[in-house]
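Enquirer: predicted structure and sequence below. I'll ask about it afterward.
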There are 2 protein chains.
Amino acid sequence: MVQKLEIHDDLDSRAREVLREIILQHIASGEAISSRTLAKCGRFHLSPASLRNVMADLEDLGYLQQPHTSAGRVPTDRGYRFFIDHMMNATRLSEEERHSIDDQVNHASQIEEVLQLTSKLLSTLSDQVGVVFMPTLLQFTVRSIDFILVAESKIICVIVGSNGVVVNKVLETRLTFTRDELEKIGRYITAEFSGLTLDAIRRRLIRMTEAERALHDDMLKKTIALGIEAVNDVAPVEHDLYVEGASSIFLKPEYADANSMRRTFLALQEKEKLIEILEQFLSEDGLQILIGSESDFTQVHNFSIVARRYGNQAAPLGMVGIIGPMRMEYARVAPLVDYLGRALSSKIEEEQERKQ
Amino acid sequence: MVQKLEIHDDLDSRAREVLREIILQHIASGEAISSRTLAKCGRFHLSPASLRNVMADLEDLGYLQQPHTSAGRVPTDRGYRFFIDHMMNATRLSEEERHSIDDQVNHASQIEEVLQLTSKLLSTLSDQVGVVFMPTLLQFTVRSIDFILVAESKIICVIVGSNGVVVNKVLETRLTFTRDELEKIGRYITAEFSGLTLDAIRRRLIRMTEAERALHDDMLKKTIALGIEAVNDVAPVEHDLYVEGASSIFLKPEYADANSMRRTFLALQEKEKLIEILEQFLSEDGLQILIGSESDFTQVHNFSIVARRYGNQAAPLGMVGIIGPMRMEYARVAPLVDYLGRALSSKIEEEQERKQ
DNA sequence: ATTGGCACTCAACAAGGTAGAGTGCTAACC
DNA sequence: GGTTAGCACTCTACCTTGTTGAGTGCCAAT
């Protein structure tokens, strides 16, 4: 209610319409919008001069700005923010698009495939950069651990996480095992420790090492040793981040010159930074839109980020999103990110249920 | 001998020295080299005017060219080719560098890690784009196949290739198996089929399906069915290509303008094209250097590619290499690629021996 | 064979000038 | 009151022009 009042105070309905039209036209063309082009569009039965007055007001209020004196106006961060919060009517995805997405997502089977596909879909359907983020296995609980004998001292350890990710790691060990022993050890460890995080498993195993000194059970000793090796320093210490369609950046006029192209590209390479920003929103529900100066990252390069959590409420798994210039078709991108987030969530949930 | 004569015919020793100096200076500076700068370097006790005569000859023979009338000279593809074939003395890597490389390579354990590390080393040590190519598992023989039960109808299949690559694939099947059965099936299939390619295994299994109709052995039936599922359509249909350091391109003056930056970047994205070029040289031994117009790919973007096969003679595994502007420090890059190729080969061979 | 000298060419840069787009303001209009 | 035509003003983008400096090719002298 407070907000509504404020809006009413700031902008009468005409000013809002003008702001809206400027933003839409700017998103479509990338150019600064002048009073004349605005008048020509026909939605206002006003002369350029009158529109100039309105535009001057909008500029005073911080919704628009002029790149230079004799140029038209461009929306500010604040302008976009207002547009998104109060004036955007997101178009739903068409039936066709939804079907096409569902089809493709359902066709993939490995989690990694699904994640990559999602980032690709985000990118191609929006013509922007698509990102999908999946935190490291370290943050999830383990569903099972198994061991396969490859050679005398070479054992492959396969860990399946509660997020469905399958990780394998080659262990080299001085201990020798038969296939049967490994089979049993896998069963034992899975039965005993599934549902815990890797870290918790490691701590338990280490505690067991101490307790077991007294027992002198050789098999148990070997089991614990192998378990610790498996859990220790498991491969994906890094988070997984799929960034797709970086080249789309190079076709946008706002990044046409060599310098911003370089800077932009290098920024997208900095996965740690991106992850940091996406992680911020892991705890928040619903669609997140970050505009221009609202974040370090988006500020420097005039980016906007539209992102959403995936996974179910109880256990958020990661983030999906789109990165692009501030001037992007939010009305189209927002539902796209939302839908793909949901699709990914239900796909994963469905997988998990089937595994029960 | 024929070649030597030709050289002698074309270029006397002074001309060769001049060509060499021009190429070295151009590699270092990226600028066109004028007769004056050449005279100033002191290696020739000649005036600019005399050098101009030599340079004009070299231009007539196609080793040099002028970007425009009042500019210095730049080496042509042919100039570089001559330089590399007859005049380059490759500097060996320093003891330190060799140690550092060996250390890092030995530290990695998973094949994938090693490959990625190698491409990173190639890139950072040369300040160019590093690439490592590993053909799909389909081209190698299989060392072992194992199955792990995850849930009722969900089985993870782990395939280890003779190249050391470990692939896992989640199978969904209507058949039900106990862990023990899967254990046995894995042993059976590995014993029966290791040493064959995936394709050969598939064909044998299919032949068995037909033969087995008469037998009515339920277990064998299930084994074959599962085997076919495992082998069919295995995950990495694609080749693996690690491209590292693409951003280094953006710092080279030859790609400073927005257009060539865009084109260059997009070219590096086209992995299929790159793979096609690298595959061409899988059958050839020793260091390969491809300059400018010598290939479609390198022509368009003024690239050179320095590459080398890795793996042992009997079984080539893939290619390592560097991509950069024609103007690159071949004398340094060549031994680097060569050494990393060898390092990678012996690392993999060593792994394989240990696995016997 | 080598070299100094000289005319010539061309890219790169700077300066000046013009056109056009767009604004803000004011005064007139409804 | 809101609306609008008119006008002076501003600023960018672009074109033109001139200048500078680097570099060449050629010729005649050494």
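Expert: Cool, got the structure.

Enquirer: what's the domain layout of chain A?
Expert: Domain assignment for chain A by automatic domain parsing gives A:2-87, A:95-135+A:239-355, A:139-231.

Enquirer: ok, which of these comes nearest B:Leu220?
Expert: Proximity to B:Leu220 (C-beta to C-beta) singles out domain A:139-231 among the domains of chain A, at 20.5 Å. For glycine as for every other residue, the C-beta is placed from the backbone atoms N, C-alpha and C.

Enquirer: could you export the domains of chain A to TSV, including columns for distance to DNA strand C?
Expert: Formatted as TSV, those follow (distance: least, C-beta to the nearest atom of the strand, whole Å):
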stretch	distance to DNA strand C
domain A:2-87	3
domain A:95-135+A:239-355	15
domain A:139-231	51
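
Enquirer: turn the ones you listed into a markdown table, including mean pLDDT and distance to chain B.
Expert: Putting the domains of chain A into a markdown table (pLDDT from 0 to 100; distance: least, C-beta to the nearest C-beta, whole Å) gives the following:
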| stretch | mean pLDDT | distance to chain B |
| --- | --- | --- |
| domain A:2-87 | 89 | 16 |
| domain A:95-135+A:239-355 | 90 | 4 |
| domain A:139-231 | 85 | 4 |
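
Enquirer: in CSV: these, plus mean neighbour count and distance to B:Glu113.
Expert: Output for these, formatted as CSV (neighbours: other C-beta atoms under 10 Å in any protein chain shown; distance: least, C-beta to C-beta, whole Å):
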stretch, mean neighbour count, distance to B:Glu113
domain A:2-87, 16, 42
domain A:95-135+A:239-355, 18, 15
domain A:139-231, 17, 10
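
Enquirer: next secondary structure element downstream of the one helix or strand A:Leu19 maps to?
Expert: Assigned by DSSP states H and E, A:Leu19 belongs to helix A:13-29. Heading C-terminal from helix A:13-29, the first helix or strand you meet, by DSSP H and E, is helix A:35-40.

Enquirer: quick revisit: which elements pack onto the helix holding A:Leu19?
Expert: helix A:35-40, helix A:48-60, strand A:74-75, helix A:77-82 (3 or more C-beta pairs under 8 Å, 6 or more residues apart in numbering or on different chains; DSSP states H and E).

Enquirer: and the last one, how far out from the chain's middle?
Expert: Read that as helix A:77-82. 22 Å (C-alpha atoms, centre = their mean, to the nearest Å).

Enquirer: just checking, next helix/strand downstream of that helix?
Expert: Beyond helix A:77-82 toward the C-terminal end (DSSP H and E), the next one is helix A:95-107.

Enquirer: quick check: what element follows that following helix along the chain?
Expert: Counting by DSSP H and E, what follows helix A:95-107 is helix A:111-126.

Enquirer: and the stretch 1-150 of chain A, which residues reach DNA strand D?
Expert: A:45-47, A:49-50, A:53, A:68-71 (C-beta under 7 Å from any atom of the strand).

Enquirer: tell me which residue in the stretch 101-250 of chain A sits closest to DNA strand D.
Expert: A:Phe250 (20.1 Å; C-beta to the nearest atom of the strand).

Enquirer: that residue touches B:Arg262, doesn't it?
Expert: Yes: here A:Phe250 lies in contact with B:Arg262, judged by C-beta atoms under 8 Å, at a distance of 4.6 Å.

Enquirer: find residues that contact each of the two.
Expert: Here A:Phe250 and B:Arg262 share the contacting residues A:Met261, scored by C-beta atoms under 8 Å, 6 or more residues apart in numbering or on different chains.

Enquirer: ok, now which ones touch A:Arg202?
Expert: A:228, A:231-232.

Enquirer: strands - which of those land there?
Expert: Within the contacts of A:Arg202, no residue falls in strands by DSSP state E.

Enquirer: in CSV: the residues you listed, plus distance to DNA strand D.
Expert: What follows is the contacts of A:Arg202, written out as CSV (distance: C-beta to the nearest atom of the strand, whole Å):
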residue, distance to DNA strand D
A:Ile228, 64
A:Val231, 59
A:Asn232, 58
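
Enquirer: would TSV of the domains of chain A with distance to B:Val243 be doable?
Expert: Listed next are these as TSV, based on distance: least, C-beta to C-beta, whole Å:
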stretch	distance to B:Val243
domain A:2-87	31
domain A:95-135+A:239-355	12
domain A:139-231	24
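
Enquirer: closest to B:Val165 out of those?
Expert: The nearest among the domains of chain A, by C-beta to C-beta, is domain A:139-231 at 10.6 Å.

Enquirer: quick one: that closest one to chain centroid distance?
Expert: 32 Å.

Enquirer: same question, stretch A:16-25
Expert: Worked out by C-alpha atoms, centre = their mean, stretch A:16-25 lies 29 Å from the chain centre.

Enquirer: CA-only coordinates of it in CSV, if you can.
Expert: Extracted in CSV, the C-alpha atoms of stretch A:16-25 (Å, rounded to 0.1, in the frame of the first residue of the first chain):
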residue,chain,number,x,y,z
ARG,A,16,4.0,6.0,-16.5
GLU,A,17,2.8,5.3,-20.1
VAL,A,18,5.6,7.4,-21.5
LEU,A,19,8.2,5.7,-19.3
ARG,A,20,6.8,2.4,-20.4
GLU,A,21,6.9,3.2,-24.1
ILE,A,22,10.4,4.6,-23.9
ILE,A,23,11.7,1.5,-22.2
LEU,A,24,9.9,-0.8,-24.7
GLN,A,25,11.3,1.2,-27.6
